[in-house]
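Q: structure for this input, please:
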Amino acid sequence: MTLLETAVKAAKAAGELLRENFGSMLEVDEALHHDIKLALDRESQDLISDVLLGEFPDYAFYGEEGIGGNQDSEYQWIVDPIDGTVNFFYGIPHYCVSIALRHAGDIILGVIYDPSMDDLWTVVKGEKPYLNGKEISVSSRSKLEESVLYVGCGKTEDALSTGLERFRRASLRARKMRMMGSAALGMAYIATGRLDAYVESRISLWDIAAGQLLIESTGGKVTLTPKEGQPDVWSIVATNGKIPIEEIL
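A: You can find the predicted model right below:
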């Protein structure tokens, strides 16, 4: 199988697992104030890892639930086995599987799969991006007053404070605001023209790797600012590349 075929196979296998367990009683590994870790997160990641490393055993694996494979490899799978775990746990059908491949620091492949809608986004660097086999692009909207924006608030006090203030400012300008609970899906929505921007002050690599390549491949823009002392954690501003997002930051 090709790299993309393997990533799609892994995403769909994990998606089927999540669909089968959606709405059922779930084992909670860890319950924090603003987050939940499920046993199913680990099960989903193990399934993805088995598929990816089964086909490419010499590649590195870097997931939200841990690492694997050959960590010295220049090729690294980056995986979020359930992006939107809290939504999933509460029976809200807005969650996804996100898989990206990084080569020597550069994201070269991305797959995002929404099991609830059976929506599959795929992109390979330098090629056209697709949703369910149809080419996609960002929206043409250029005015905040016409736009729908997604603002994330993070989990720390500073991140919540920043996110809520941004939400307040943007609400005065944008057509509508959303807090959706899945960064990967939010970015896929921008790449498809369903949303126009996503802003969050603290986000991890596995949440955004596939979405970044999707947005940039569809004509949008992603700006990442590293968080000091926190590897692979950034603040993010992702847009269709047309709206004046700096006016609400």
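Q: from here on, contacts and neighbour counts on C-alpha atoms
A: OK.
Q: the nearest residue to residue 182 once chain neighbours are set aside: neighbour count?
A: Excluding its sequence neighbours, the residue lying closest to residue 182 (C-alpha to C-alpha, 6 or more residues apart in numbering) is residue 84, at 4.6 Å. Residue 84: 24 surrounding residues under other C-alpha atoms under 10 Å.
Q: shouldn't residue 84 be in contact with residue 207?
A: No - using C-alpha atoms under 8 Å, residue 84 is not in contact with residue 207, being 9.5 Å away.
Q: find residues that contact each of these two.
A: Common contacts of residue 84 and residue 207 (C-alpha atoms under 8 Å, 6 or more residues apart in numbering): 182, 183.
Q: the residue of the chain most remote from its centre and residue 180: what is the separation?
A: Relative to the centre of the chain, and counting by C-alpha atoms, centre = their mean, the farthest-placed residue is residue 172 at 26.7 Å. Counting by C-alpha to C-alpha, to the nearest Å, the separation of residue 172 from residue 180 is 19 Å.
Q: residue 43 too?
A: Distance, residue 43 to residue 180, by C-alpha to C-alpha: 24 Å.
Q: then residue 87?
A: 9 Å.
Q: and for those two, which residues touch both?
A: Residues within reach of residue 87 and of residue 180 at once, by C-alpha under 8 Å, 6+ apart, are residue 94.
Q: what's the domain layout of this protein?
A: Using automatic domain parsing, the domain ranges for the chain come out as 3-135, 144-248.
Q: as CSV, those with mean pLDDT would be great.
A: Output for these, formatted as CSV (pLDDT from 0 to 100):
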stretch, mean pLDDT
domain 3-135, 91
domain 144-248, 89
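Q: roughly how far apart are the spatially most central residue of the chain and residue 115?
A: Centroid-nearest residue in the chain: residue 184, 1.9 Å away (criterion: C-alpha atoms, centre = their mean). For residue 184, the distance to residue 115 (C-alpha to C-alpha) stands at 13 Å.
Q: ranges for the helices of this structure?
A: Using DSSP state H, the helices found in the chain span residues 3-21, 39-55, 85-89, 157-171, 183-192, 205-217.
Q: who wins for proximity to residue 78 among the ones you listed?
A: helix 205-217 (5.7 Å; C-alpha to C-alpha).
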